[in-house]
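*Asks:* Provided below are the primary sequence and the corresponding predicted coordinates.
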Amino acid sequence: MRQPLVAGNWKMNGSKADAADLVNGIKAGAGNIRKAEVALCPPFPYLPIVENLLAGSSIRWGSQDVSSETDGAFTGQVSARMIHEFGCTYAIIGHSERRMFNAESDATIAKKYQQALAVGLTPILCVGESLEEREHGKTEEVVARHLDAVLEGIGAEAIGSGVIAYEPVWAIGTGVTATPEQAQEVHAFLRQRIAAKSQAHADAVRILYGGSMKPGNAMELIGQGDIDGGLIGGAALKASDFLAICAAA
Ligand code: PEP
């Protein structure tokens with residue numbers, strides 16, 4: 001059985017005080033979470049706050065990105081090793097906002113994935129199609145390309161050591177959620193593609209759904225056979241909403 005994972009992606013939101021309030025609010029309500037593993041991914045500068053507040057709790061934390069490079073003259077970048085020093089378990093890799101606004105290619109994303117694995121972080125690889133790609137019947141082609149950057153580029157074991165997040169770009173921050181059937185179809189496709197290389201890794205890997213997941217739709221989405229939790233954006237910024245999703249998982 002795959003343990004569901006609910007990870008909050010705070011993106012570039014909040015202040016030091018907001019970060020502390022949010023963590024404390026989530027900690028205070030975490031007693032109602034029965035099954036899911038929970039992780040919080042704050043902006044880089046708030047990692048020490050989150051680390052201090054969560055030390056000793058069962059809630060994990062992670063970063064929203066890592067550098068594709070190990071160290072050196074890369075102004076403004078943050079290495080996987082540095083992130084690991086702050087007690088992170090996870091690192092989100094290849095979020096569609098980074099693909100879009102930072103022109104991250106599949107090759108760069110594969111390097112980042114490898115950097116995360118090399119220091120013992122668990123990468124959360126984001127894959128997903130745009131609305132235009134879906135309307136042109138290209139969903140499977142696009143998510144296969146995103147997946148293959150790691151599956152073919154690094155190997156099935158690397159995929160088995162990480163987490164995948166299917167995040168249709170048209171559902172992120174839009175309030176439009178993929179239906180449970182639409183999401184399940186893509187999740188099953190991704191798992192079958194991994195199974196063609198390794199059934200064991202396909203069975204073990206958690207595939208999260210992300211895109212306007214809320215307390216009201218979480219249970220139905222996560223109830224699908226191949227949906228193993230959620231990557232949550234907007235609803236992760238309100239402790240009560242995030243906790244409700246965690247409890248539903
Ligand atoms: C995300 O950006 O990872 C995300 C899922 O955002 P939202 O929940 O706001 O759609």
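*Replies:* The structure has been received and is ready for your questions.
*Asks:* next, the residue in the chain sticking out farthest from the centre: secondary structure please.
*Replies:* Residue distances from the centre of the chain (Cα atoms, centre = their mean) peak at A73, which lies 27.9 Å from the mean C-alpha position. Recorded secondary structure, A73: coil (DSSP: H, G, I helix; E, B strand; the rest coil).
*Asks:* how about L125?
*Replies:* Under the three-state scheme (three-state DSSP), the conformation of L125 reads as strand.
*Asks:* wait, it touches G162, no?
*Replies:* Yes. Taking Cβ atoms under 8 Å as the definition, L125 is a contact partner of G162 at 5.7 Å. All C-beta spots, glycine's among them, are computed from the backbone N, C-alpha and C.
*Asks:* neighbour-wise, which of those two wins?
*Replies:* Between L125 and G162, counted using other Cβ atoms under 10 Å, the more crowded position is L125 (28 against 24).
*Asks:* count the residues that sit near G76.
*Replies:* G76 has 5 neighbours, counted by other Cβ under 10 Å.
*Asks:* that one looks like it's in a strand, true?
*Replies:* No. The assignment for G76 is coil, going by three-state DSSP, so no strand is present there.
*Asks:* identify the contacts common to L125 and G162.
*Replies:* Both L125 and G162 are contacted by 113, 150, under the criterion Cβ atoms under 8 Å, 6 or more residues apart in numbering.
*Asks:* how about P180, phi and psi?
*Replies:* Backbone geometry at P180, expressed as degrees, to the nearest 10, gives phi -50, psi -40.
*Asks:* swap that for A165, sorry
*Replies:* Backbone dihedrals for A165, given as degrees, to the nearest 10, come out at phi -120, psi 120.
*Asks:* show the pLDDT at the residue of the chain found nearest the ligand.
*Replies:* With Cβ to the nearest ligand atom, the shortest gap between the chain and the ligand falls at G233, namely 2.1 Å. As predicted, G233 sits at a pLDDT of 98.
*Asks:* in contact with it, which residues?
*Replies:* For G233, counting by Cβ under 8 Å, 6+ apart, the contacting residues are 9, 11, 172-173, 210.
*Asks:* and stretch 66-84, how far apart are its ends?
*Replies:* 10 Å (Cα to Cα, to the nearest Å).
*Asks:* oh, that last question was meant for stretch 174-185, not what I typed.
*Replies:* Separation of the first and last residues of stretch 174-185 by Cα to Cα is 21 Å.
*Asks:* and it with the ligand, contact?
*Replies:* No. Against the ligand, stretch 174-185 shows no contacts by Cβ under 6 Å from any ligand atom, the least distance being 6.8 Å.
*Asks:* ok, residues contacting that stretch?
*Replies:* Applying Cβ under 8 Å, 6+ apart, the external contacts of stretch 174-185 come out as 166, 168, 170-171, 186, 209, 211-214, 217, 220-221, 223-227.
*Asks:* which parts of it are buried?
*Replies:* 177-178, 180, 183-184 (16 or more other Cβ atoms under 10 Å).
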